[in-house]
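Sequence first, predicted coordinates after that:
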Amino acid sequence: MISRASLRFSLGRFTTAEEIDAAAAKLVAVVTHLRQNAPAFEFD
């Protein structure tokens, strides 16, 4: 599989576990939505 995009997250010493959990949950929701609504790609 070929990578089509990338994301970078930065964490600081004041980043809380709750903030990380919220960002992860949001990321999962957005990726799920995009995969459901994006056209299918075939990889050679």
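Alright, I've got the coordinates. For clarity, every value in this text was computed on a predicted model and none was experimentally measured. Residues are numbered from 1 along each chain as shown.

quick one: low-confidence parts of this protein?
Scanning the chain for pLDDT under 70 picks out 1-3, 41-44.

what about the strands in it?
Ranges of strands in the chain, per DSSP state E: none exist.

Please name the residues that touch residue 10.
Counting by Cβ atoms under 8 Å, 6 or more residues apart in numbering, residue 10 makes contact with nothing. For glycine as for every other residue, the C-beta is placed from the backbone atoms N, C-alpha and C.

Same check on the one 10 residues further on?
Contacts for residue 20 were tallied using Cβ under 8 Å, 6+ apart; they are residue 11.

Make 861 the first number, not 1, from now on.
Taking 861 as the first residue, the last one we looked at is residue 880.

any idea how far it is from residue 900?
Plainly put, residue 880 is 32 Å away from residue 900 if you go by Cβ to Cβ, to the nearest Å.

cool, and residue 882?
30 Å.

So if I had to pick from those two, which one is more boxed in?
With neighbours defined as other Cβ atoms under 10 Å, residue 882 and residue 900 compare such that residue 882 has more, 11 against 5.

distance of that one from residue 889?
To residue 889, residue 882 is 11 Å away according to Cβ to Cβ.

ok, now residue 866?
Per Cβ to Cβ, residue 866 is found 19 Å from residue 889.

which of the two has more neighbours?
Between residue 866 and residue 889, counted using other Cβ under 10 Å, the more crowded position is residue 889 (10 against 5).

OK, contacts around that one?
Per Cβ under 8 Å, 6+ apart, neighbours of residue 889: none.

How much space separates it from residue 872?
Distance, residue 889 to residue 872, by Cβ to Cβ: 24 Å.

burial count for residue 871?
Residues lying near residue 871 (other Cβ under 10 Å) number 10.

Hmm, I typed the wrong one, I wanted residue 877.
Neighbours of residue 877 under the rule other Cβ under 10 Å: 7.

One more: the one 10 residues further on?
Neighbour count of residue 887, defined by other Cβ under 10 Å: 12.
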